[in-house]
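K.L.:
attaching a predicted model along with its sequence, questions to come.
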There are 2 protein chains.
Amino acid sequence: MEYIIGVDLGGTFIKAGPVSKQGNLLYEISIPSQAEVSPESVVSQITKAVKTITSKYPHDKLLGVGVGSPGLVDLDGGTVKYPPNFKNWTVFRLGDETSKSTGVRVEVENDANAAAVGELKFGAARSFPDFIMVTLGTGVGGGVVIGGKVFRGQSGGAGEIGHITINFEGPQCNCGNRGCVEAYVGQRYLSQRVSDQLIFHHDSLINRLIDSGVEHLEPKIISQAAEQGDSFALEVWKETGMYVGVAIASAFNLFDISTAVIGGGVAKAGKPLFDAITETVKLRVLSPLRPMVKVVPAALENSGILGAAALIAE
Amino acid sequence: MEYIIGVDLGGTFIKAGPVSKQGNLLYEISIPSQAEVSPESVVSQITKAVKTITSKYPHDKLLGVGVGSPGLVDLDGGTVKYPPNFKNWTVFRLGDETSKSTGVRVEVENDANAAAVGELKFGAARSFPDFIMVTLGTGVGGGVVIGGKVFRGQSGGAGEIGHITINFEGPQCNCGNRGCVEAYVGQRYLSQRVSDQLIFHHDSLINRLIDSGVEHLEPKIISQAAEQGDSFALEVWKETGMYVGVAIASAFNLFDISTAVIGGGVAKAGKPLFDAITETVKLRVLSPLRPMVKVVPAALENSGILGAAALIAE
């Protein structure tokens, strides 16, 4: 059976696995990325992962290696520019070097864009050639797909949904701007906001579910409380969904798109979050788009690896 | 000499004129659009304008008629959908009907998109294949040009810069949303805001320049005061530029574009406004785009007619 190797390159780990052309992940390995060493070390580690997999699956059935990477990606040479938190890395032809080192075709794309391609090929967007992908995690990632292709812009930097300003007087964002949607719903900002408000909600279940102090307030604790009907937790997801919805409405108006696919850890909050996003978008988007608005959860469990593999399946 | 007829279709008037392939408007006529009657009346009026012009310029040198229209435009048939304030008009193949009636090629485009094409072909964006056009008038219009082509989206509705939310708790906008940039800087909103604040600025020159009450506060009066160094008037342009800059930064982040061309009546405020827009965008846009940011004034005096003519020059 022909297969692809999908590589999810992170600051700490490389996750990789063989993926069928239909998008089934056969198994998964995880090894250190050595991103704290150098670009060359990362190439060695990816090569090591590929060799581990081809020792088990026949090399001559391997169609290629897809890599989802942080940072700006130039498709020419699979060049990765300034990935945040990668040491000694400015501009590096990761695709070319990995192809030399492994002897197979290598495609590289920004991780948020790769996740969008994954949903398009294998996941929730299979019937939507035009959609906006939003990943709600530590940051808020974005990807825009138009006519079944990632909209990359001049230098591959397009689709930064997370840095849409939703309030010009809002909180400081890591990027230097104020009031980006990421500064409201990025995981750390979200946890901080909830921690700050907990003082006024002594009766919230969240207080009982935290066992190691508010500094470890994970979104899943808020979800657990919400599932048990905790009104403060439900309010948190409603507010979070409103923030996300405001940004999506702006993006819909600019791209003339009406479908959003939402993934990432925070999206596991499920119905209360999605209801609030949908309601907000419908209320705020321009009237011709309103009847078409669709907000759906991402479908891929391992979107990092599957999205990367989808780059080769294209 | 070969020429094009550019038609700027408005709710009250049609402005039209012969335009050389180099973008020179030879003369201009204005007749009622009869948009308050029916689509067919509008076709007759455009035809009348074309006949008036071809009675003076040879019909066999006419390359075609370009029409800039309000509303959503589908390029198929030059179909204009739901133009605001046009009576008895839902969906109408304006291009096809006008072509039948005049016997020449007719191209129709949304007026903001046409203005963008005009700046691209004849104006400030001749050396910028990728830019965002913003027109600051009664509303805030937008157009996005990528690789020398208007980015239209699925149904021609893309590029609605005016309806980017800059503050989710902001003032009510005509479109139904709150806090759109248009609800801050659209001419009526702007005049209202300045009127409201004037009470706290008795010493502002604006008070002396208004002769018929604050309800007639035109942007040019604010500009006259600003030119004379009035600190409140300068503050108004600084604030207005900040609002516009916030929206442009969001659009730049989404499209990976770094050039904006600003036109429309309010843009006549000039330097104090443009300085504030540029400063805000540079402060707020993602860092890879920051060094490339350019905000330039539109160059066309008659962008309505010239933009429409540029549709044929393409």
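P.N.:
Structure received.
K.L.:
return the set of buried residues in the biggest helix by length in chain A.
P.N.:
Looking across chain A with DSSP state H, the single longest helix is helix A:231-255. Residues of helix A:231-255 classed as buried: A:232-255 (neighbour count, 16 or more other CB atoms under 10 Å in any protein chain shown). Every C-beta, even on glycine, is put in place using the N, C-alpha and C of the backbone.
K.L.:
so which of those are also by chain B?
P.N.:
The residues of the buried residues of helix A:231-255 that also fall near chain B, by CB under 8 Å from any CB of the partner chain, are A:242-243, A:246-247, A:249-251, A:253-255.
K.L.:
what number of residues lie near residue A:305?
P.N.:
28 (other CB atoms under 10 Å in any protein chain shown).
K.L.:
now it, what's its secondary structure?
P.N.:
At residue A:305 the chain is in helix, as set by DSSP: H, G, I helix; E, B strand; the rest coil.
K.L.:
mind listing the helices for the stretch 101-250 of chain A?
P.N.:
Using DSSP state H, counting those that start in this stretch, the helices of the stretch 101-250 of chain A run over A:111-122, A:182-185, A:187-198, A:205-209, A:219-227, A:231-255.
K.L.:
excluding its backbone neighbours, what's nearest the residue in the stretch 201-314 of chain A positioned nearest to chain B?
P.N.:
The minimum distance from the stretch 201-314 of chain A to chain B, using CB to the nearest CB, falls at residue A:256 (2.5 Å). Among residues not flanking residue A:256 along the chain, residue B:153 sits closest, at 2.5 Å (CB to CB, 6 or more residues apart in numbering or on different chains).
K.L.:
next up, the contacts around the one you found.
P.N.:
Contacts for residue B:153 were tallied using CB atoms under 8 Å, 6 or more residues apart in numbering or on different chains; they are A:146, A:255-257, B:159.
K.L.:
and it, how far from residue B:144?
P.N.:
Relative to residue B:144, residue B:153 is positioned 9 Å away (CB to CB, to the nearest Å).
K.L.:
what is in contact with the two at once?
P.N.:
Residues touching both residue B:153 and residue B:144 by CB under 8 Å, 6+ apart: residue B:159.
K.L.:
related to what we said a few turns ago, for the contacts of residue B:153, which one is nearest residue B:14?
P.N.:
Ranking the contacts of residue B:153 by separation from residue B:14, with CB to CB as the measure, puts residue B:159 on top at 24.0 Å.
K.L.:
my read is that the closest one contacts residue B:112, right?
P.N.:
Yes. With contact defined as CB atoms under 8 Å, residue B:159 and residue B:112 form a contacting pair (7.1 Å).
K.L.:
which neighbours do these two share?
P.N.:
B:133, B:142-143.
K.L.:
for these, which single residue is the most surrounded?
P.N.:
Among the shared contacts of residue B:159 and residue B:112, the one with the most neighbours (other CB under 10 Å) is residue B:133, at 33 neighbours.
K.L.:
tell me the mean pLDDT over stretch A:7-23?
P.N.:
Averaged across stretch A:7-23, pLDDT comes to 95.
K.L.:
if we go by neighbour counts, what in it is buried?
P.N.:
Buried positions in stretch A:7-23, judged by neighbour count with 16+ other CB under 10 Å: A:7-10, A:13-19, A:23.
K.L.:
tell me the contacts of the most centrally placed residue in chain A?
P.N.:
Within chain A, one residue has its C-alpha closest to the average C-alpha position: by CA atoms, centre = their mean, that is residue A:135, at 3.8 Å. When contacts are counted by CB under 8 Å, 6+ apart, residue A:135 touches A:112, A:115, A:141-142, A:262-264, A:267, A:298, A:303.
K.L.:
of these, which are in range of chain B?
P.N.:
Counting by CB under 8 Å from any CB, the members of these near chain B are residue A:142.
K.L.:
show the buried residues in the contacts of residue A:135.
P.N.:
Here, 16+ other CB under 10 Å leaves A:112, A:115, A:141-142, A:262-264, A:267, A:298, A:303 buried among the contacts of residue A:135.
K.L.:
so which elements touch the helix or strand residue A:73 falls within?
P.N.:
Secondary structure from DSSP states H and E places residue A:73 in strand A:72-74. Contacts defined by 3 or more CB pairs under 8 Å, 6 or more residues apart in numbering or on different chains; DSSP states H and E place strand A:72-74 against strand A:79-81, strand A:106-110.
K.L.:
possible to save the shared contacts of residue B:159 and residue B:112 as TSV with pLDDT?
P.N.:
Listed next are these as TSV, based on pLDDT from 0 to 100:
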residue	pLDDT
B:133	97
B:142	94
B:143	95
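K.L.:
contacts with chain A among those, please.
P.N.:
Among these, proximity to chain A is found for residue B:142 (CB under 8 Å from any CB).
K.L.:
the shared contacts of residue B:159 and residue B:112 in strands, which ones?
P.N.:
B:133, B:142-143 (DSSP state E).
K.L.:
burial count for the residue in the stretch 1-150 of chain A that chain B sits nearest to?
P.N.:
Closest residue of the stretch 1-150 of chain A to chain B, CB to the nearest CB: residue A:130 (5.9 Å). If you count neighbours by other CB under 10 Å, residue A:130 ends up with 19.
K.L.:
I'd assumed residue A:151 was in contact with it.
P.N.:
No. Look at residue A:130 against residue A:151 with CB under 8 Å: they stay out of range, at 9.5 Å.
K.L.:
quick one: common contacting residues for the two?
P.N.:
Common contacts of residue A:130 and residue A:151 (CB under 8 Å, 6+ apart): A:145, A:255.
K.L.:
so residue A:112 touches residue A:144, yeah?
P.N.:
No. With contact defined as CB under 8 Å, residue A:112 does not reach residue A:144; the gap is 9.9 Å.
K.L.:
returning to that earlier point: what's the average pLDDT for the strand holding residue A:73?
P.N.:
Averaged across strand A:72-74, the pLDDT comes to 93.
K.L.:
just checking, what packs against the helix or strand encompassing residue A:312?
P.N.:
Taking DSSP H and E as the criterion, residue A:312 maps to helix A:303-313. Applying 3+ CB pairs under 8 Å, 6+ apart, one finds that helix A:303-313 makes contact with strand A:3-9, strand A:13-20, strand A:62-69, strand A:106-110, helix A:111-122.
K.L.:
circling back: now the buried ones among the contacts of residue A:135 in CSV, with distance to residue B:216?
P.N.:
As requested, the buried ones among the contacts of residue A:135 are arranged in CSV below (distance: CB to CB, whole Å):
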residue, distance to residue B:216
A:112, 50
A:115, 53
A:141, 48
A:142, 44
A:262, 48
A:263, 52
A:264, 51
A:267, 51
A:298, 53
A:303, 57
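K.L.:
closest to residue B:31 among these?
P.N.:
Compare each of the buried ones among the contacts of residue A:135 with residue B:31 using CB to CB and the shortest gap goes to residue A:142, at 47.0 Å.
K.L.:
quickly list what the closest one is bridged to.
P.N.:
Bridge pairing for residue A:142 (DSSP bridges) gives the partners residue A:134.
K.L.:
who's in contact with it?
P.N.:
Here residue A:142 is in contact with A:112, A:132-135, A:159-162, A:251, B:254 (criterion: CB under 8 Å, 6+ apart).
K.L.:
need the residues you listed in CSV (columns: distance to residue B:97).
P.N.:
Shown next, in CSV, are these (distance: CB to CB, whole Å):
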residue, distance to residue B:97
A:112, 45
A:132, 36
A:133, 41
A:134, 42
A:135, 47
A:159, 39
A:160, 42
A:161, 40
A:162, 45
A:251, 35
B:254, 36
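K.L.:
closest to residue B:218 among these?
P.N.:
For the contacts of residue A:142, the residue nearest residue B:218 by CB to CB is residue B:254; the value is 33.0 Å.
K.L.:
just checking, that closest one touches residue A:157?
P.N.:
No. Because the distance of 9.8 Å does not satisfy CB under 8 Å, residue B:254 is recorded as not touching residue A:157.
K.L.:
bridged to the nearest residue to residue A:304 once chain neighbours are set aside, which residues?
P.N.:
Spatial nearest neighbour of residue A:304, chain neighbours left out: residue A:8 (3.0 Å); criterion: CB to CB, 6+ apart. Taking DSSP bridges as the rule, residue A:8 bridges to residue A:15, residue A:68.
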